[in-house]
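Asks: Build me a model:
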Amino acid sequence: MSKTKKSNAGHYEVLFIIPNKYTEDEAKQLIVKTEEVITKTGSSITFREYWGKKKLAYEIKHNAYGYYALVEFDAERDAVQSINQTLRLSTEVLRHQIVSKRVKTDAEITRAKTIQGKIAAKKEEAAKELKKKEDKKDADIKKDEDVKEKKGEEKSNKGSLKELDQKLEGILSAKDLI
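Replies: So this is what the prediction gives:
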């Protein structure tokens, strides 16, 4: 049996919400403060993402909105428990959730990127098709309007022919012409 201790280090992610009672600048400062809580335990932050102000699914402590932040970090199991305890007692963090996350291999990352590229290409192609359909629809509408305009002109021409006939009748039937 080996006398060396196995490392309990793992990859984790924490999603936390700062209440809406703070301004966006204050919320960003609180996010930095929360990241410091994570690094003080000897953990190293590998990824951070600020999601901004979002509506909560339901009110929490009379807050309908909150500032969301996501942080991924590598830490020992004891450090994660300490971070969890600190965030639970913090009045500046409305809610938090720490989950263990599997580290992706380089092959998985490249595969995910190619899939995202294919999805983006399909979305772009669908947008082009939609634009073509809209352009065709606009052209059909314009063609219909042009046809209606021509019919209107023909009717107005017919109306003017009748008027001309009536005037000509009036002129021809006049007794003072001869």
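Asks: Going by C-alpha atoms from here, please, whenever you check contacts or count neighbours.
Replies: Fine.
Asks: Can you get me a residue count around I83?
Replies: For I83, the neighbour count with other CA atoms under 10 Å is 22.
Asks: With E35 instead?
Replies: 18.
Asks: Helix, strand, or coil at it?
Replies: Following DSSP: H, G, I helix; E, B strand; the rest coil, we place E35 in the helix state.
Asks: wait, what's in contact with it?
Replies: By CA atoms under 8 Å, 6 or more residues apart in numbering, the residues touching E35 are I45, V71.
Asks: CA atoms of stretch 26-34 as PDB?
Replies: Below are the C-alpha coordinates for stretch 26-34, written out as PDB (Å, rounded to 0.1, in the frame of the first residue of the first chain):
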ATOM      1  CA  GLU A  26     -21.200  47.400  -7.600                       C
ATOM      2  CA  ALA A  27     -22.300  43.900  -8.800                       C
ATOM      3  CA  LYS A  28     -19.100  43.600 -10.800                       C
ATOM      4  CA  GLN A  29     -17.100  44.500  -7.700                       C
ATOM      5  CA  LEU A  30     -19.000  41.900  -5.700                       C
ATOM      6  CA  ILE A  31     -18.200  39.300  -8.400                       C
ATOM      7  CA  VAL A  32     -14.500  40.100  -8.100                       C
ATOM      8  CA  LYS A  33     -14.800  39.800  -4.300                       C
ATOM      9  CA  THR A  34     -16.500  36.400  -4.700                       C
END
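Asks: Now do that stretch: everything it contacts.
Replies: For stretch 26-34, contacts defined as CA under 8 Å, 6+ apart pick out I18, Y67, A69, L87, E92.
Asks: ok, the fourth one to L30 distance?
Replies: Separation of L87 from L30 (CA to CA, to the nearest Å): 12 Å.
Asks: so which helix or strand takes in the closest residue to N84 other than its chain neighbours?
Replies: Nearest residue to N84, sequence neighbours excluded (CA to CA, 6 or more residues apart in numbering): I98, at 7.3 Å. Per DSSP states H and E, I98 falls inside strand 95-100.
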